[in-house]
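> could you look at this predicted model? Sequence included:
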Amino acid sequence: MKNNRYTLGIAGALALATVAATAQDSDPVFRANETQLDIFGTVSVGQETLDNISSNRVEDNGRLGLGLGVNHFFTRYLGLGADAYTENENHSFVDNASANLILRFPIDKLHLAPYIYGGGGYQFDPTELKFAQAGAGLELRFTKQFGIFVDARYVFTDEVQDLGVGRAGIRIAF
(Lines give C-alpha, C1' and ligand atoms only; values in the text may rest on other atoms or scores of the structure.)
Protein backbone atom coordinates (compact mmCIF):
# COMPACT_ATOMS: atom_id res chain seq x y z
CA MET A 1 0.00 0.00 0.00
CA LYS A 2 2.79 2.46 0.93
CA ASN A 3 4.73 1.64 -2.27
CA ASN A 4 1.63 2.51 -4.33
CA ARG A 5 1.44 5.92 -2.65
CA TYR A 6 5.12 6.60 -3.33
CA THR A 7 4.78 5.50 -6.97
CA LEU A 8 1.69 7.69 -7.38
CA GLY A 9 3.52 10.64 -5.80
CA ILE A 10 6.51 10.28 -8.12
CA ALA A 11 4.24 9.95 -11.18
CA GLY A 12 2.32 13.05 -10.10
CA ALA A 13 5.53 15.04 -9.61
CA LEU A 14 6.75 14.07 -13.09
CA ALA A 15 3.40 15.05 -14.61
CA LEU A 16 3.51 18.42 -12.85
CA ALA A 17 7.07 19.02 -14.04
CA THR A 18 5.95 18.35 -17.62
CA VAL A 19 3.03 20.78 -17.32
CA ALA A 20 5.25 23.41 -15.72
CA ALA A 21 7.85 23.10 -18.47
CA THR A 22 5.23 23.71 -21.17
CA ALA A 23 3.38 26.56 -19.41
CA GLN A 24 6.20 29.13 -19.20
CA ASP A 25 5.44 32.83 -19.28
CA SER A 26 7.75 35.63 -20.41
CA ASP A 27 7.14 37.45 -17.10
CA PRO A 28 7.19 34.69 -14.47
CA VAL A 29 5.09 34.93 -11.32
CA PHE A 30 7.45 32.50 -9.55
CA ARG A 31 11.01 33.77 -9.83
CA ALA A 32 14.57 32.66 -9.23
CA ASN A 33 16.35 34.31 -6.27
CA GLU A 34 13.00 34.76 -4.53
CA THR A 35 12.74 34.90 -0.73
CA GLN A 36 9.40 34.18 0.92
CA LEU A 37 7.90 34.73 4.36
CA ASP A 38 5.21 32.25 5.48
CA ILE A 39 2.66 32.91 8.22
CA PHE A 40 0.55 29.82 8.85
CA GLY A 41 -1.73 27.76 11.02
CA THR A 42 -1.17 24.06 11.61
CA VAL A 43 -3.07 20.96 12.57
CA SER A 44 -1.20 17.81 13.57
CA VAL A 45 -2.53 14.31 14.10
CA GLY A 46 -1.00 11.08 15.38
CA GLN A 47 -0.43 7.78 13.62
CA GLU A 48 -3.73 6.25 14.76
CA THR A 49 -5.70 9.13 13.21
CA LEU A 50 -3.61 8.91 10.01
CA ASP A 51 -4.33 5.19 9.75
CA ASN A 52 -8.08 5.79 10.16
CA ILE A 53 -8.45 9.29 8.73
CA SER A 54 -11.82 11.03 8.92
CA SER A 55 -12.93 14.60 9.53
CA ASN A 56 -14.32 13.58 12.93
CA ARG A 57 -11.03 11.98 14.02
CA VAL A 58 -9.04 15.04 12.89
CA GLU A 59 -11.47 17.36 14.69
CA ASP A 60 -11.37 15.26 17.90
CA ASN A 61 -7.63 14.44 17.95
CA GLY A 62 -5.95 17.26 16.01
CA ARG A 63 -3.70 19.79 17.71
CA LEU A 64 -3.85 23.34 16.36
CA GLY A 65 -0.84 25.65 16.14
CA LEU A 66 0.68 28.78 14.63
CA GLY A 67 3.99 29.24 12.87
CA LEU A 68 6.42 31.23 10.76
CA GLY A 69 8.69 30.16 7.94
CA VAL A 70 11.17 31.50 5.44
CA ASN A 71 12.04 30.03 2.02
CA HIS A 72 14.60 30.99 -0.58
CA PHE A 73 14.45 29.76 -4.17
CA PHE A 74 17.83 29.74 -5.93
CA THR A 75 16.10 28.86 -9.19
CA ARG A 76 12.42 28.95 -10.17
CA TYR A 77 12.26 25.28 -9.22
CA LEU A 78 14.65 24.62 -6.32
CA GLY A 79 14.78 26.19 -2.88
CA LEU A 80 15.47 25.73 0.81
CA GLY A 81 12.98 26.47 3.56
CA ALA A 82 12.89 26.62 7.34
CA ASP A 83 9.89 26.86 9.61
CA ALA A 84 8.96 26.76 13.27
CA TYR A 85 5.60 26.45 14.96
CA THR A 86 3.98 26.01 18.33
CA GLU A 87 0.90 24.07 19.40
CA ASN A 88 1.04 24.80 23.11
CA GLU A 89 0.89 28.31 24.51
CA ASN A 90 1.56 27.04 28.06
CA HIS A 91 5.04 25.57 27.53
CA SER A 92 7.70 26.01 24.85
CA PHE A 93 7.54 29.07 22.63
CA VAL A 94 8.59 26.82 19.70
CA ASP A 95 7.45 23.19 19.65
CA ASN A 96 8.95 22.19 16.27
CA ALA A 97 11.64 23.57 13.99
CA SER A 98 12.60 22.10 10.63
CA ALA A 99 14.41 22.69 7.34
CA ASN A 100 13.50 21.33 3.91
CA LEU A 101 14.67 21.06 0.33
CA ILE A 102 11.76 22.26 -1.85
CA LEU A 103 11.06 21.38 -5.48
CA ARG A 104 8.28 23.44 -7.05
CA PHE A 105 6.56 23.19 -10.40
CA PRO A 106 5.39 26.72 -11.34
CA ILE A 107 2.50 27.16 -13.76
CA ASP A 108 2.70 30.93 -14.26
CA LYS A 109 -0.37 31.23 -16.48
CA LEU A 110 -2.48 29.87 -13.62
CA HIS A 111 -0.47 31.64 -10.86
CA LEU A 112 -0.15 28.19 -9.31
CA ALA A 113 2.85 26.22 -8.04
CA PRO A 114 2.51 22.66 -6.78
CA TYR A 115 5.55 21.63 -4.72
CA ILE A 116 7.12 18.71 -2.90
CA TYR A 117 9.61 18.88 -0.08
CA GLY A 118 11.64 16.82 2.33
CA GLY A 119 13.95 17.42 5.23
CA GLY A 120 14.19 17.09 8.95
CA GLY A 121 14.07 18.88 12.23
CA TYR A 122 13.73 18.81 15.96
CA GLN A 123 10.69 18.66 18.23
CA PHE A 124 11.07 20.38 21.60
CA ASP A 125 7.64 19.75 23.11
CA PRO A 126 5.87 17.56 24.22
CA THR A 127 8.75 15.07 23.66
CA GLU A 128 12.24 16.07 22.53
CA LEU A 129 13.22 14.16 19.40
CA LYS A 130 14.74 14.40 15.93
CA PHE A 131 12.58 13.67 12.89
CA ALA A 132 12.55 13.39 9.11
CA GLN A 133 9.64 14.56 6.98
CA ALA A 134 8.28 14.59 3.44
CA GLY A 135 5.33 16.49 2.05
CA ALA A 136 3.52 18.18 -0.80
CA GLY A 137 1.63 21.41 -1.23
CA LEU A 138 0.07 23.99 -3.49
CA GLU A 139 0.65 27.75 -3.68
CA LEU A 140 -1.71 30.19 -5.36
CA ARG A 141 -0.36 33.69 -6.13
CA PHE A 142 -2.71 36.66 -6.40
CA THR A 143 0.23 38.93 -7.29
CA LYS A 144 3.97 38.32 -7.71
CA GLN A 145 4.41 39.21 -4.05
CA PHE A 146 1.36 37.75 -2.30
CA GLY A 147 -0.37 34.39 -2.21
CA ILE A 148 -1.78 31.60 -0.11
CA PHE A 149 -0.58 28.05 0.38
CA VAL A 150 -1.66 24.73 1.80
CA ASP A 151 0.50 21.67 2.37
CA ALA A 152 0.74 18.44 4.31
CA ARG A 153 3.69 16.48 5.60
CA TYR A 154 4.31 13.05 7.04
CA VAL A 155 6.72 13.14 9.97
CA PHE A 156 8.88 10.04 10.55
CA THR A 157 10.20 9.44 14.08
CA ASP A 158 12.00 6.54 15.76
CA GLU A 159 11.06 7.39 19.34
CA VAL A 160 7.27 7.92 19.17
CA GLN A 161 4.48 7.28 16.67
CA ASP A 162 4.75 9.03 13.32
CA LEU A 163 2.45 11.98 12.73
CA GLY A 164 0.94 14.15 10.04
CA VAL A 165 1.00 17.95 9.93
CA GLY A 166 -1.12 20.15 7.70
CA ARG A 167 -0.39 23.84 7.16
CA ALA A 168 -2.35 26.67 5.56
CA GLY A 169 -1.37 30.31 5.41
CA ILE A 170 -0.24 33.36 3.54
CA ARG A 171 3.03 33.70 1.63
CA ILE A 172 4.79 36.99 0.94
CA ALA A 173 7.53 36.95 -1.72
CA PHE A 174 10.40 39.43 -1.94
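Happy to help now that I have it. Numbering: from 1, shown residues only.

> any idea which residue sits dead centre in the chain?
residue 151 (4.3 Å; C-alpha atoms, centre = their mean).

> you'd agree residue 37 is up against residue 70?
Yes - taking C-beta atoms under 8 Å as the definition, residue 37 is a contact partner of residue 70 at 6.0 Å. Placement of C-beta: from N, CA and C, glycine included.

> can you give me the strands for this structure?
Applying DSSP state E to the chain gives strands spanning 34-46, 63-73, 78-86, 96-104, 112-123, 129-141, 146-156, 163-173.

> redo the ones you listed as CSV? Include distance to residue 53 and mean pLDDT.
Shown next, in CSV, are those (distance: least, C-beta to C-beta, whole Å; pLDDT from 0 to 100):
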stretch, distance to residue 53, mean pLDDT
strand 34-46, 8, 94
strand 63-73, 15, 95
strand 78-86, 21, 97
strand 96-104, 21, 97
strand 112-123, 20, 97
strand 129-141, 16, 97
strand 146-156, 11, 97
strand 163-173, 8, 97
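
> same list, the ones you listed, but as JSON lines with distance to residue 55 please.
Output for the strands of the chain, formatted as JSON lines (distance: least, C-beta to C-beta, whole Å):
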{"stretch": "strand 34-46", "distance to residue 55": "11"}
{"stretch": "strand 63-73", "distance to residue 55": "15"}
{"stretch": "strand 78-86", "distance to residue 55": "22"}
{"stretch": "strand 96-104", "distance to residue 55": "24"}
{"stretch": "strand 112-123", "distance to residue 55": "24"}
{"stretch": "strand 129-141", "distance to residue 55": "20"}
{"stretch": "strand 146-156", "distance to residue 55": "14"}
{"stretch": "strand 163-173", "distance to residue 55": "12"}
